[in-house]
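> Need coordinates for the following:
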Amino acid sequence: MKKKYILIQLCAVLILLVLPTLTVSSSGQMSAIFSFSFFSLVQLFLALILDAEWRIFLNPREVPARKNFFSVILNHLQWTSITIGLLMFTYAAITVLSLFLSQLLSHSEQNLQNISPGITNILFLIINVFCASYYEEVIYRQTIPESLLSFTENKYIKILFELLTLMLFALGHLYLGIAAVANAFICGIFLRLCRIKTGSVSSGTAAHFIYNMTLFIFILLS
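Model prediction:
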């Protein structure tokens with residue numbers, strides 16, 4: 001019964017939340033991230049529900065042994081730091097590669113460089129980026145891959161499911177350019193590894209949020 005529910009929920013997530021992101025054709029809405037977004041609140045609500053539901057009711061895997069509180073915190077801090085470093089390195093590498101392959105350049109930066117946000121805009125930016133980071137971690141690092149993996153023990157099929165999830169996440173960034181797709185695919189690997197190593201999306205969300213905020217600040221100041 002539990003697996004049937006997981007399957008139904010997985011299909012709903014893919015159809016209602018994931019597939020629509022593959023049809024976005026323009027990055028012109030990027031400036032909207034500096035204003036109030038009801039969509040961000042919806043993302044936060046859905047992420048909270050799916051995250052709590054998975055951790056409390058749906059997780060089919062064996063619950064790990066209870067660990068010391070400080071060792072858990074240390075593990076989360078360690079993997080948050082490692083993941084941030086890997087994400088930054090990936091972005092730098094993709095950017096350098098794009099300098100030699102101009103057709104891969106993303107156009108997202110060009111749409112933000114002429115924006116001069118105020119304090120309120122910065123506050124909305126922080127809220128929107130956090131909601132998006134948490135939402136993507138729950139959807140692409142937990143709900144989809146963990147649901148798929150719960151249906152098989154075959155290691156090759158598991159690898160296929162992991163790759164499928166990575167591709168869905170990467171293609172959701174296609175409107176930002178091919179470079180963004182490559183960046184999202186590689187970053188998705190590190191964020192998924194962070195989820196596996198920590199057992200939750202909290203560290204990945206922190207790393208994802210800091211990474212995105214750093215890029216926005218860099219673009220605005222450049």
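
> which residues in the chain form helices?
2-13, 38-53, 69-100, 119-138, 144-149, 155-171, 178-198, 202-221 (DSSP state H).

> got the buried residues for the second one?
Buried residues in helix 38-53, defined by neighbour count with 16 or more other CB atoms under 10 Å: 40, 43-44, 46-47, 50-51. Just so you know, the C-beta spots here come from the backbone N, C-alpha and C atoms, and that holds for glycine as well.

> Pull the contacting residues for Met213.
Residues near Met213 by CB atoms under 8 Å, 6 or more residues apart in numbering: 125-126, 129.

> Give me the pLDDT for it.
On the pLDDT scale, Met213 is placed at 96.

> Could you tell me how far it is located from Leu101?
Using CB to CB, to the nearest Å, we find Met213 at a distance of 27 Å from Leu101.

> Leu7 too?
41 Å.

> So for the two, which residue has more residues nearby?
Between Leu7 and Leu101, counting by other CB atoms under 10 Å, Leu7 is the more crowded of the two (14 against 10).

> any idea how far Leu174 is from the more buried one?
Here Leu7 is placed at a distance of 27 Å from Leu174 (CB to CB).

> which intervals of this protein have sub-threshold pLDDT?
Low-confidence segments of the chain, defined by pLDDT under 70: 1, 25-31, 60-67, 102-117, 222.

> Could you rerun that using 50?
Applying pLDDT under 50 to the chain flags residues 62, 104, 106-107.

> which residues does the spatially most central residue of it contact?
Closest residue to the average C-alpha location of the chain: Glu136 at 3.6 Å, with CA atoms, centre = their mean. Taking CB under 8 Å, 6+ apart, we find Glu136 in contact with 169, 208.

> about what we covered before: any chance of the contacts of Met213 in JSON lines, plus neighbour count and distance to Leu221?
Shown next, in JSON lines, are those (neighbours: other CB atoms under 10 Å; distance: CB to CB, whole Å):
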{"residue": "Leu125", "neighbour count": "20", "distance to Leu221": "13"}
{"residue": "Ile126", "neighbour count": "13", "distance to Leu221": "16"}
{"residue": "Val129", "neighbour count": "20", "distance to Leu221": "16"}
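
> Not counting its neighbours along the chain, what's nearest Glu183?
That one is not Glu; residue 183 is Asn. Excluding its sequence neighbours, the residue lying closest to Asn183 (CB to CB, 6 or more residues apart in numbering) is Ile94, at 4.5 Å.

> didn't the one you found look like it was pressed against Ile178?
No - counting by CB atoms under 8 Å, Ile178 is not a contact partner of Ile94; they are 10.0 Å apart.
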